[in-house]
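Enquirer: Could you work out the structure for the sequence below:
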Amino acid sequence: MKFSKINHLLIVIFIHFGLVAQQDAQYSNYMYNTQIVNPAYVGNRGLTSINLLARTQWLDLEGSPETTALSIDSSIGENERMGIGLSVFSDKIGPTSENRVNIDYSYAINFLWSKLTFGISAGLVEMDIDYAKLNIADLSDPLLQYNYNKIQPRLGLGFYFNTEKYYLGFSAPNILETRYYDELDIENTFFSKVSDRIHYYLIAGYVFDLSSKIKVKPASLIKVVRGAPVQWDLSMNFLFNYKVTLGISNRLDSAISALGGFQLSDNFFVGLSYDYTTHQIRQFNDGTYELILRIDLMNKDRKILTPRFF
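Expert: Here you go, the predicted structure:
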């Protein structure tokens, strides 16, 4: 029985890191696909965009997080005041996998030199745990005799304010605190106490013109989750001749990232980042890679001469 309780504790610890510390996946290239953290961003660029993202975290560490995301957004309506989008996510960590689908909607209030946008998202999340992926010696443990699967609703809110030079946004991608494992109250284990906590995001950035062909954008993302340390990302990106982007980002007490991107054409952008882990887990992995591909579908009668840097 003592060994069984140790198994329970180990699983709880593993899932705790998957569902609390990593409830919402981390992104290094969020600045190229802000829709994944703020529904108010959909339609903000005034065209139809398709974004594909793949992230492998802590390479060579078995069971480490893997994330893939597909998002589509477009501006609609008179004066393009509204935006609509669709997001599909898949997150895996150890024996757990989480699949989400969201529909996003935004409405903008236009001012003379700025725009304030409100956004809402609604969707579903499927949580699945396959205990067969754990290397557990005591296979007779009743907790390991079946897998866990649950589908829950999601509801997100956000706002986004921007001019041609700077932006500021605040969002909560899911305001519903869903409990998991309520039905798995085996021998008073801890599973009935795990819940999906609200994540709050604050993003901001400003674009400076160093010359007619070089721009620099300092930016910040702050993520706040109750019961977890505040996560603060600081980044500095340079845009050369509207084609090449190079930058660096520091996720405080977590990772330092090198960022790069290339505008292949008016319609295609590709970006790649590498995260070097700065906390103790760095000795067990070879860093994190993230790849993003953005496809812009523009009206042929409306060519964008100077693309925005956010």
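Enquirer: quick one: contacts for the residue lying closest to residue 92 once chain neighbours are set aside?
Expert: Closest residue in space to residue 92, ignoring its immediate chain neighbours: residue 66 at 4.7 Å, by C-beta to C-beta, 6 or more residues apart in numbering. To be clear about C-beta, it is placed using only N, CA and C from the backbone, and glycine gets the same treatment. Each residue near residue 66 by C-beta atoms under 8 Å, 6 or more residues apart in numbering is listed here: 55-57, 91-93.
Enquirer: make it 7 Å
Expert: 55-56, 92 (C-beta atoms under 7 Å, 6 or more residues apart in numbering).
Enquirer: which among those residues gets closest to residue 129?
Expert: residue 92 (11.0 Å; C-beta to C-beta).
Enquirer: would the closest one count as being in a strand?
Expert: Yes: checked against DSSP: H, G, I helix; E, B strand; the rest coil, residue 92 lies within a strand.
Enquirer: Please name the bridge partners of it.
Expert: residue 66, residue 97 (DSSP bridges).
Enquirer: Next, find the distance separating it from residue 57.
Expert: Between residue 92 and residue 57 the distance is 10 Å, computed by C-beta to C-beta, to the nearest Å.
Enquirer: overlap in contacts of the two?
Expert: Joint contacts of residue 92 and residue 57 (C-beta under 7 Å, 6+ apart) are residue 65.
Enquirer: what's in contact with stretch 281-298?
Expert: By C-beta under 7 Å, 6+ apart, stretch 281-298 touches 28-29, 32-33, 47-61, 64, 255, 266-277, 304.
Enquirer: Next, the buried residues of that stretch.
Expert: Within stretch 281-298, the residues scored as buried using 16 or more other C-beta atoms under 10 Å are 285, 287-288, 290, 292-294, 296.
Enquirer: quick one: which of those residues sit in strands?
Expert: By the criterion of DSSP state E, membership of the buried residues of stretch 281-298 in strands covers 288, 290, 292-294, 296.
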